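[1] Predicted structure and sequence below. I'll ask about it afterward.
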Amino acid sequence: MKKSIIVTLLLAVSICALPFVISPFVLFMLTEVLIMAIFAMSLGLIMGFGGLQSLGHSAFFGIGAYTVAVLSQYVTSIYILLPAAIILSGIFALLTGLIAVRNKGIFFLMITLAITQMLFLFFRQSDLWGGADGLGTSVKPNLGFMELVSPLSLFYFAGAFFILSYFVLRLFVNSPLGKGLKGVMENEGRMIALGYNVKKYQIIAYVFAGGLAGLAGGLYIFKTQFASPELFSVHMATTVLIMVFIGGLGTLFGPVIGAGVFIFLQNYISTMTDRWSLIMGLLFIVIVLYNRGGILQLLQIVGKKLMPSKNLLVDKKGATIIELNESGKAK
Amino acid sequence: MKKTVVKFFQILAVFSLLFLAACSGSAIDSSSSSGNKEEEGDSKDPVKLGFILSLTGNFASMGTPVKEGIELFFEENPEIDGRKVELIFEDDAGDPQAALRKYEQLTLNQGVNIVGGGTVGSIALALRDKVDADKKVPLINVVGSTDVMSWEKKSDYVWRTSFSAWQYASISGKFTAEGVGKNAVIIASDYVAGHEIVTDFIPSFEEGGGKVSDIVWAPLGTSDFSSYLTQIDKANPEAVFMFIPGADGSRFIQQYQSFGLQDKYTLVEGGSLLNAPFNIKAVGNAVVGGKMITNYFPELENEVNEKFVKAYQAKFNKIPDNYVVNGYDTGKLISQVVKEAGSLDGEKLVSVLKKGVTIDSPRGPIEMDPVTHTLIQNMYVIEGKEMNGEITFELIKTYENIEMPKENVGYKKY
Amino acid sequence: MDLFIVNTLSGLTYGMLLFLMASGLSIVFGLMRIINLAHGSFFLFGSYVAYAMISRGMNFWLALLLSTICVTVLALLLEKFLISRFHGNEASQVLLTLGLIFVIGDITLWIWGGDFLSIPVPSILDFSFAISESSFPIYRLFVIAIGIICAVLLWYFETKTKVGMIIRAGVDDMEMVGALGFNIKLIFSAVFLFGAALAAIGGVLSGPILGMYPKMEFEILVNSLVIVLIGGLGSWKGAFIGAILIGIIDSFGKIYLPDVSVLLIFVVMVIVLMFKPTGLFGRVES
């Protein structure tokens, strides 16, 4: 608990300080990174701690996004919009989770894929909400006492939710619920023998992750002010899966690094060459082949080489993450 | 042994990432510093033009020709009024979200003066909203055809060099009733643009005395049209009006032939697909006998076009389609507007556009309508022919100076 | 009546193309416990390679053979150097194949561009026959025939040959087969290649009907996954029934339920999975 607070505070300080040293465009990109980081962390939770490989996580992101885009035509207060996004995507996660979580591994992957594809087709063809053209909105985050208009305030807005999500996720992972979930992933048979209701753990995590992804989707609309069916696409689901992987599976902070690396790489590489997909695919294969821990683990190894005296654990616990934050910021 | 290999790859990966990060960092620096230098110089500021096009993905067959047209124009005219032209092309891969990201990059990071883009309707609309909210740089919409951009969603900062759904569909309706037959079946892609085309087609077709006996909505991404073809066959019409853009449309035309409908009912195409080089390459003589409404075709006889086709063939070694012309005219429009404005200020550029600009285009003389922000242009009806194994298109009718209605005409929505 | 016949035949054609793709997916899973997400890329790559040959004047049948070999070689390389490194690690294998989709997809985009392409119908089959007033292309009947022949061959292979029996035993208990002295690795590779070859045949045959363009592999993949889920993983019979079901639903849904036709196959899938989580013919416990 104490550690969680320290880590969260460190994160908060660095996010507050960042805008003083970066250009407006990097600020714009980092806002996106923070939002996608929430999305990636939520997938990281069910994949890295629950062992549920999902190719349909974009469903919740899209539902959150459309909730905010559609409701913003009637209300502007974030106290209604964002909770609505979380609740609706959470409910959808519960409904689909009841079907999907009955299966494991590849079955789970395929069912989630089919569900998100279904939503994609539905929203693309629908007469409501702009169909394939997407839905534009002019909504800005309305905090009740003020409206956030500038890019800087939007960055802090996203940053605040990022820190909050990170903190809540840490609490979740370290709670008995989170430990039980991990226990299920590592040895389901033993957990059943010990009398745990295994499916209950997985569904709770799935709904939690779905709600969080919905939050990220809602925040995304405040940034782009535009919802389109592409948010549901398999491509989007794959993108976030890759973020989790290149960052580091089984850690909380890995997906955050993954989101950052992915978004910046994507932007600069796709400007330089049309072969972004090829490069991304190769990068992904290399990471799967050689390093299941992703960039986070790479950093740990490099850190170990540079500072042999420091005791860096590879088992992804709090102390390591603090070290990594610093080395992450250093570049 | 194996461990060292693994470690080697890990280190390699880190270094390549660091290298990429360094490259990207320097990319920002160089662009911003070069911008400063030129501002200090004596000569006029260069014109920075940013284009967001779908260069990969499903709509690459539309985005790439637009890019080629733009490149061709600025290769012929490397300077506007003594200003050097700097072209920046960004790929949105057909995704509006990516297009918005690229827009921020172009305006915040590269500081472009004019943005061009909107390869598909959804992207054009997404960019339109952003550009209208920012009111910093004008947007030249290169393809997006949705009518509302001339009416309710008109913005001082958004101008269209292609055509509108109304221009294509209402002329299609008029022509079908006049020149093909009074009984038609419509098949259209089941998404917003398809519904819009059908909405605009039916009133003018009915005005000419036509009757629509069936409307078939095919979902986007339909690969097998055989069920729809039997449905059309059942209705036994004189004309079949189709609006199915992209790969789906080519599949339809091909299956239309293989199910023997080509010889029975006249196909009228309203999505600039029939004579597109990629379509002819894919479906061959299935286009023969098909009629198409378009604002440009390469066989068009006028001086500007002859020069244009020659120059394009010399550079790209193929025949231009109307997307190339959209790109080419976008370049022409920009160059004329910058010249007249004598400035790169967004507001001044817009005020020139609002006065009305006339361009000598390969598609004939065209005029930017200051009211609807869409070109006033000729619409041509062409028909596919086969001669000695070569597919060509022949002009069969011209509708001159087609102008968008100034306000929403309020047709019944389909 | 003729409307009914034409739609049934169309549904079967589409179903058979999907069957060629889905059966490979299913058999590979049954034995190796991996879902090869890049299986759709084999399908598409096969049709692109055949296109390249045919557009240079090669005979359709020769191109069919050569591109099948070509895809099989590609599959062999991938299996040998990438996928086999992860025996027993299903998650990594699936993710690896996910990465391969992007790599293969982008390479085909690089070589053949983003335009829609199509293979001409071989001239020997390029005519139609009449069903009362409607006509139906003979090439589609040919595709249906090939699909059925493949199904019969699979049945014969599985029940009547020794290799088939070993594989059948392998689906139930891989370790047992290994203990009996058979070379598991070889069997794995052979089955993987066989699946890839079926996908490539499907891809080439679909060239004159569906054509090809980048990202089509996703479309084919999602449909095949639905078929495999409905039919039951690991069973080619399930894939056969599932493919026919999906083809027919797709074809009739377009006429009778046009508004929801694209969602129909998913609805069927959800219903099947609710009552039978392992699919209609699934033997593998989920």
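    Done, it's in. Numbering: from 1, shown residues only, chains lettered A, B, ... in the order given.
[2] show me where pLDDT drops low in chain C?
    Scanning chain C for pLDDT under 70 picks out C:1, C:88, C:283-286.
[3] Counting neighbours, what do you get for the residue in the stretch 151-300 of chain A that chain C sits nearest to?
    Among all residues of the stretch 151-300 of chain A, residue A:281 sits closest to chain C, at 3.1 Å; criterion: Cβ to the nearest Cβ. Glycine gets a C-beta too; all of them are placed from N, C-alpha and C. In terms of burial, residue A:281 registers 22 neighbours under the definition other Cβ atoms under 10 Å in any protein chain shown.
[4] would residue B:90 count as being in a strand?
    Yes: under DSSP: H, G, I helix; E, B strand; the rest coil, residue B:90 falls within a strand.
[5] Look up the closest residue to it, ignoring the ones flanking it.
    Leaving aside its chain neighbours, residue B:90 sits nearest to residue B:102 (4.1 Å; criterion: Cβ to Cβ, 6 or more residues apart in numbering or on different chains).
[6] Quick check: the gap between the one you found and residue B:141.
    Per Cβ to Cβ, to the nearest Å, residue B:102 is found 15 Å from residue B:141.
[7] Could you point out the helix or strand that follows the longest helix along chain C?
    Secondary structure of chain C per DSSP state H: the longest helix is helix C:2-32. Going down the chain from helix C:2-32, the next helix or strand is helix C:39-55, by DSSP states H and E.
[8] which helices and strands does that following helix pack with?
    Here helix C:39-55 touches helix C:2-32, helix C:60-81, helix C:90-112, helix C:184-210, helix C:216-231, going by 3 or more Cβ pairs under 8 Å, 6 or more residues apart in numbering or on different chains; DSSP states H and E.
[9] related to what we said a few turns ago, assign the residue nearest to residue B:90 to helix, strand or coil.
    Following three-state DSSP, we place residue B:102 in the helix state.
[10] list the buried ones in the longest helix of chain C?
    Judged by neighbour count (16 or more other Cβ atoms under 10 Å in any protein chain shown), helix C:2-32 contains these buried residues: C:2-3, C:6-7, C:9-32.
[11] which other residues reach whichever helix or strand residue B:131 is part of?
    Following DSSP H and E, the helix or strand that holds residue B:131 is helix B:121-134. Applying Cβ atoms under 8 Å, 6 or more residues apart in numbering or on different chains, the external contacts of helix B:121-134 come out as A:132-134, A:136, A:138, A:225-226, A:228, B:52, B:54, B:92, B:94-97, B:99-100, B:103, B:107, B:115, B:117-118, B:137-139, B:141, B:143-146, B:149, B:153, B:155, B:157-158, B:192-193.
[12] Which helix or which strand is home to residue B:241?
    Using DSSP H and E, the element containing residue B:241 is strand B:239-243.
[13] so how far is that strand from its chain's centroid?
    20 Å (Cα atoms, centre = their mean, to the nearest Å).
[14] Next: stretch B:371-390.
    The answer for stretch B:371-390 is 14 Å, by Cα atoms, centre = their mean.
[15] what about dumping the CA coordinates of it to PDB?
    Extracted as PDB, the C-alpha positions of stretch B:371-390 are listed here (Å, rounded to 0.1, in the frame of the first residue of the first chain):
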ATOM      1  CA  VAL B 371     -21.800  29.500 -52.000                       C
ATOM      2  CA  THR B 372     -21.600  25.800 -51.900                       C
ATOM      3  CA  HIS B 373     -17.800  25.400 -51.800                       C
ATOM      4  CA  THR B 374     -18.100  22.800 -54.500                       C
ATOM      5  CA  LEU B 375     -17.000  23.100 -58.200                       C
ATOM      6  CA  ILE B 376     -19.400  24.000 -60.900                       C
ATOM      7  CA  GLN B 377     -18.400  21.500 -63.600                       C
ATOM      8  CA  ASN B 378     -19.500  19.400 -66.500                       C
ATOM      9  CA  MET B 379     -20.800  15.900 -66.000                       C
ATOM     10  CA  TYR B 380     -20.000  13.400 -68.800                       C
ATOM     11  CA  VAL B 381     -21.800  10.100 -69.500                       C
ATOM     12  CA  ILE B 382     -19.400   7.500 -71.000                       C
ATOM     13  CA  GLU B 383     -19.800   4.000 -72.200                       C
ATOM     14  CA  GLY B 384     -17.400   1.000 -72.200                       C
ATOM     15  CA  LYS B 385     -16.500  -0.400 -75.600                       C
ATOM     16  CA  GLU B 386     -14.200  -3.100 -76.700                       C
ATOM     17  CA  MET B 387     -12.200  -2.600 -79.900                       C
ATOM     18  CA  ASN B 388      -9.600  -5.200 -81.000                       C
ATOM     19  CA  GLY B 389      -9.300  -6.500 -77.500                       C
ATOM     20  CA  GLU B 390      -8.800  -3.000 -76.000                       C
END
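[16] Do you know the pLDDT at the closest residue to chain A within the stretch 151-300 of chain B?
    Nearest residue of the stretch 151-300 of chain B to chain A: residue B:191, at 4.0 Å (Cβ to the nearest Cβ). Note on residue B:191: pLDDT of 84.
[17] cool, residue B:299 as well?
    On pLDDT, residue B:299 comes in at 88.
[18] just residue B:327 next, same as before
    Per-residue confidence at residue B:327 stands at 92 (pLDDT).
[19] now it, nearest residue through space, not along the chain?
    Using Cβ to Cβ, 6+ apart and skipping residues adjacent in sequence, the residue nearest residue B:327 is residue B:69, 2.5 Å away.
[20] show me what contacts the one you found?
    B:312, B:320, B:323, B:324, B:325, B:326, B:327, B:328, B:329, B:330, B:331 are the contacts of residue B:69 under Cβ under 8 Å, 6+ apart.
[21] can you redo those residues as TSV with neighbour count, secondary structure and distance to residue A:54?
    Shown next, in TSV, are the contacts of residue B:69 (neighbours: other Cβ atoms under 10 Å in any protein chain shown; DSSP: H, G, I helix; E, B strand; the rest coil; distance: Cβ to Cβ, whole Å):
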residue	neighbour count	secondary structure	distance to residue A:54
B:312	23	helix	48
B:320	25	coil	46
B:323	25	helix	39
B:324	29	helix	43
B:325	29	helix	46
B:326	30	helix	41
B:327	30	helix	41
B:328	30	helix	46
B:329	30	helix	47
B:330	27	helix	42
B:331	26	helix	46
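[22] now, the most widely separated pair of those?
    Farthest pair in these (Cβ to Cβ) is B:312 and B:330. Separation: 14.7 Å.
[23] ok, the residue lying closest to residue B:108 once chain neighbours are set aside - contacts?
    If the residues on either side of it in the chain are set aside, residue B:108 comes closest to residue A:25, at 4.2 Å by Cβ to Cβ, 6+ apart. By Cβ under 8 Å, 6+ apart, residue A:25 lies in contact with B:28, B:104, B:105, B:108, B:109.
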